[in-house]
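[1] build me a structure from this.
(chains A and B)
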Amino acid sequence: MKEGKKPSVKLVVFLGLLLWAIFCFFPIYWTIITSFKTPSEVYSSTPLFFPFIDFQPTLASWMKIFGTGSNAAAGGNFLFIARNSLIAASGGAVGAVLLGASGAYALARFRYQKMSNQNISFMMISQRMLPPIALATPYFVLLSKLGMVDNLFTLMLVYAAMNAPLLVWMLKDFFAGIPVEIEESALIDGCSPMSVFWRIALPLALPGIVVAFLFAFCFSWSEFLFALTLTLGNATTLPVQIAGNVSTSTTGTAYWDLSAQAVVVLFVPLLIAILVNRNIVSGLTLGAVK
Amino acid sequence: MSKLSQSPVKTVNHAKGGPNAPSTFLGLFKLKLNSTAQELGRKQFVKLYFILPCILFSFIMGTFPLIFMVYLAFNSWQPGSGGITWVGFRNFENMLHDLRFLEALFHTVLIVVAAVMVELVLGTIVALFLQMRTWGDRWFRTIIVLPILLTPIALAYSWRMMFDYSHGPVNYFLGLAGVAPLQWLGNARMGMVSIVLVDVWQWTPFVALFLLAALESQDVELYDAARVDGANLTDMYRLIVLPLLGPFLFAMAMLRSIDTIKLFDTIYVLTGGGPGNSTESITLYNYVANFRTFNMGYMSAISVVLVIIVTIIFSFFMRGMSRVSQIATEEM
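    Next up is the predicted model:
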């Protein structure tokens, strides 16, 4: 709005946004600096806000995580869980991208008669609306029967299923935006539809695919409920580890150690959030608004 | 087939507006790839290859477990203590007498109503602020987005530290303002307030960015025309901007309601449903009773109720969304 150009209004708007931005970022900042504090600094009578001014940062908690220093044993466990998270999230994201890209391509390029495109899309989006807790029970029962509980591969399957519908919605528009003529001329030249998809459509859609992958990775990385109900110890992921440490501690939570772990968990989506920044709204509202 | 072979030249049908048509929620059939008869014959087959993995997967991982859950809801079953026995509607009848369930339902309703209302109001304000350009817009958008994508468990943990009674910054800041320290997580009422506060913190930016996109898709001429007609700033917001946002606000309210009903991670870490079960939401109750008491039949019945509630809201959401996309296509 043009009124915004008045300097006074602009300043008010700036201050308002600044306030909200500080509010948004402060808990994250607090977690980061807590991971560099010693226990006595965490429990000091007034909170210490500024590293190097209020307190001298220490790497003690971080050394525990990465297994050097006195508490290497505890750190080794953390690395194992982080590895689990990484495998489950990337496996789930790859699966979701493969399913989502082929489904999106199909919906963008072909017209289905028996089950119309609209019905297929609706089926996809309604899956996403289901409360995960409603699926957790049947998953647990059925997967225990199959002996697939506490298994990283199972988590990958669940994450692929969880993210595929979202990716179909995200990528459908992306494929539709690619000019169809290139694919057609490849078909004339004798390329099979399958290799048109692999060799032409997929590479052309690469920017969209990358964003889709990052989204799927981020959601799988952060997923908690399925990881909580479907794993025991072998396939535990980072969110389960953190939630467990928060709730089981009886002597008060070891904020400094746990903060370092939380920062590791937050770091991955933080990077992704900066990368996919512009696509977040259209991604999460299924392309309703760009 | 013979009809198609008469036109060997490939044609592309743009169903609506061509390849660069605005992307709308229901704007599906954007491109239709017609080919010569021979290729079409092959493609009929091939096009199933593309969609089948998706459909099969969502059936195995979505529809089938759901059917199994509905089946369990009409049975009594505790794994390890005998088989599955049919009990008809008894699980659903028991729900009406289960005080803990009713309380959990009440907590969920409270959290949803409070959180969604605050998010819509604050989200609108932040969106209007973002729309008026100021210094460092890009930075604000980047920072504001963070709570949406970051791991909810870790963020809830951050807030748990923030809310710490004697060492947390929240009570420290309150102290600076002359307010006595509060038991943020220690009692029922404050526990609910904390949960709502964290949800608002996390999701207001999402509402704001959605509404911002809606505002920016709107015609600037409308504002100019209003100003020429002598409207002042308040009138413009009251008479033009807010009515235009109406359908978007409705759609967002539905979407946020669904997501807040599903809220689990934040409550699990923040209060764990406590003290006692005074902040226990329906999802948390479902989880606790399911995976700690293993009363599978009863809990499946609760899941069925949850799915029905979400489905009803979802149908409103879809209706709202088709209205939104109608507006979007009219304007483009």
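
[2] quick one: is stretch A:160-168 near chain B?
    Yes. Using Cβ under 8 Å from any Cβ of the partner chain, stretch A:160-168 reaches chain B at A:A160, A:A161, A:A164, A:P165, A:V168. Every C-beta, even on glycine, is put in place using the N, C-alpha and C of the backbone.

[3] dump the residues you listed into a markdown table; add pLDDT, secondary structure and neighbour count as well.
    Formatted as a markdown table, the residues of stretch A:160-168 next to chain B follow (pLDDT from 0 to 100; DSSP: H, G, I helix; E, B strand; the rest coil; neighbours: other Cβ atoms under 10 Å in any protein chain shown):
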| residue | pLDDT | secondary structure | neighbour count |
| --- | --- | --- | --- |
| A:A160 | 93 | helix | 24 |
| A:A161 | 91 | helix | 23 |
| A:A164 | 90 | helix | 31 |
| A:P165 | 88 | helix | 27 |
| A:V168 | 89 | helix | 32 |
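
[4] list the residues that contact B:I327.
    With contact set as Cβ atoms under 8 Å, 6 or more residues apart in numbering or on different chains, B:I327 has these partners: B:P247.

[5] and it, what element?
    Element membership of B:I327 [criterion: DSSP states H and E] is helix B:296-331.

[6] name the residue closest to the centre of chain A, please.
    Nearest to the mean C-alpha position of chain A, by Cα atoms, centre = their mean, lies A:C218 at 1.4 Å.

[7] quick check: that one touching A:L270?
    No. With contacts counted by Cβ atoms under 8 Å, A:C218 stays clear of A:L270, the gap being 9.9 Å.

[8] how far away is the residue nearest to B:R160 when sequence neighbours are not counted from A:I81?
    Spatial nearest neighbour of B:R160, excluding adjacent residues (Cβ to Cβ, 6 or more residues apart in numbering or on different chains): B:L270 at 5.9 Å. From B:L270 across to A:I81, the span is 22 Å (Cβ to Cβ, to the nearest Å).

[9] between those two, which one's more packed in?
    B:L270 (25 against 21; other Cβ atoms under 10 Å in any protein chain shown).

[10] wasn't A:C191 part of a helix?
    No. Under DSSP: H, G, I helix; E, B strand; the rest coil, A:C191 sits outside any helix and is assigned coil.

[11] which residue packs closest to it, ignoring adjacent ones?
    A:C191's closest residue in space is A:R199 (Cβ to Cβ, 6+ apart), at 7.2 Å.

[12] run a quick neighbour tally on the one you found.
    14.

[13] what about residue 212, how many neighbours?
    Picked chain A for this. Counted with other Cβ under 10 Å, residues neighbouring A:A212 total 28.

[14] if you could check chain B rather than the one you did, that'd help
    There are 22 residues near B:L212, going by other Cβ under 10 Å.

[15] could you do A:F14 as well?
    Neighbours of A:F14 using other Cβ under 10 Å come to 19.

[16] that one sits in which helix or strand?
    helix A:7-34.

[17] what's the first helix or strand after that helix?
    helix A:39-42.

[18] quick one: list the elements packing against that following helix.
    helix A:255-276 (3 or more Cβ pairs under 8 Å, 6 or more residues apart in numbering or on different chains; DSSP states H and E).

[19] how many degrees apart are the helix it packs on and helix A:7-34 in direction?
    Between the axes of helix A:255-276 and helix A:7-34, defined by axes from the mean of the first three to the mean of the last three Cα atoms, to 10 degrees, the angle is 130 degrees.

[20] what packs against helix A:255-276?
    Using 3+ Cβ pairs under 8 Å, 6+ apart, helix A:255-276 is in contact with helix A:7-34, helix A:39-42, helix A:60-65, helix A:72-109, helix A:206-222, helix A:238-248, helix B:137-149, helix B:152-162.

[21] mean pLDDT added to those, as CSV?
    Output for the helices and strands packed on helix A:255-276, formatted as CSV (pLDDT from 0 to 100):
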stretch, mean pLDDT
helix A:7-34, 89
helix A:39-42, 80
helix A:60-65, 79
helix A:72-109, 85
helix A:206-222, 90
helix A:238-248, 80
helix B:137-149, 84
helix B:152-162, 91
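
[22] isn't A:S85 up against A:S222?
    No. A:S85 lies out of contact with A:S222 (Cβ under 8 Å); the separation is 9.6 Å.

[23] and for those two, which residues touch both?
    By the contact definition Cβ under 8 Å, 6+ apart, A:S85 and A:S222 are jointly contacted by A:P239, A:V265.

[24] can you give me the strands in chain B?
    Ranges of strands in chain B, per DSSP state E, are B:12-14, B:31-33, B:75-76, B:85-86.

[25] while we're on the residue nearest to A:C191, how confident is the model there?
    In this model, A:R199 is scored at 86, pLDDT.

[26] thinking again about what came up before, can I get the helices and strands packed on helix A:255-276 in CSV with distance to B:Q78?
    Below are the helices and strands packed on helix A:255-276 laid out as CSV (distance: least, Cβ to Cβ, whole Å):
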stretch, distance to B:Q78
helix A:7-34, 40
helix A:39-42, 43
helix A:60-65, 40
helix A:72-109, 30
helix A:206-222, 32
helix A:238-248, 25
helix B:137-149, 39
helix B:152-162, 29
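
[27] what's the first-to-last distance across stretch A:108-124?
    Start-to-end span of stretch A:108-124 (Cα to Cα, to the nearest Å) is 14 Å.

[28] list the buried residues in it.
    Residues of stretch A:108-124 classed as buried by neighbour count (16 or more other Cβ atoms under 10 Å in any protein chain shown): A:A108, A:R109, A:F110, A:R111, A:N117, A:I120, A:S121, A:M123, A:M124.

[29] out of these, who's nearest chain B?
    A:F110 (4.1 Å; Cβ to the nearest Cβ).

[30] could you pull up phi and psi at the closest one?
    Per-residue torsions, A:F110: phi -110, psi 160 (degrees, to the nearest 10).

[31] distance-wise, check the spatially most central residue of chain B relative to chain A.
    Central residue of chain B (Cα atoms, centre = their mean): B:D259, 3.5 Å from the mean position. Applying Cβ to the nearest Cβ, to the nearest Å, the value for B:D259 to chain A is 9 Å.

[32] correct me, but that residue touches B:W203?
    Yes. With contact defined as Cβ under 8 Å, B:D259 counts as touching B:W203 (7.4 Å).

[33] the spatially closest residue to A:L17 that is not a sequence neighbour: what's it in contact with?
    Nearest residue to A:L17, sequence neighbours excluded (Cβ to Cβ, 6+ apart): B:F140, at 4.8 Å. Contacts for B:F140 (Cβ under 8 Å, 6+ apart) come out as A:L17, A:L18, A:W20, A:A21, B:L130.

[34] can I get those in CSV with neighbour count?
    CSV is the format used below for those (neighbours: other Cβ atoms under 10 Å in any protein chain shown):
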residue, neighbour count
A:L17, 23
A:L18, 16
A:W20, 22
A:A21, 19
B:L130, 24
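
[35] and which of those is nearest to B:V179?
    Lowest distance from B:V179 to those (Cβ to Cβ) belongs to A:W20, with 21.2 Å.

[36] next one: the closest residue to the closest one other than its chain neighbours, what pLDDT does it get?
    Nearest residue to A:W20, sequence neighbours excluded (Cβ to Cβ, 6+ apart): B:V126, at 6.0 Å. If you check B:V126, the pLDDT there is 91.

[37] B:V126 is in contact with B:W201, isn't it?
    No. Taking contacts as Cβ under 8 Å, B:V126 lies outside contact range of B:W201: 12.0 Å.

[38] which residues touch A:F153?
    Here A:F153 is in contact with A:G91 (Cβ under 8 Å, 6+ apart).

[39] all good on my end, thank you.
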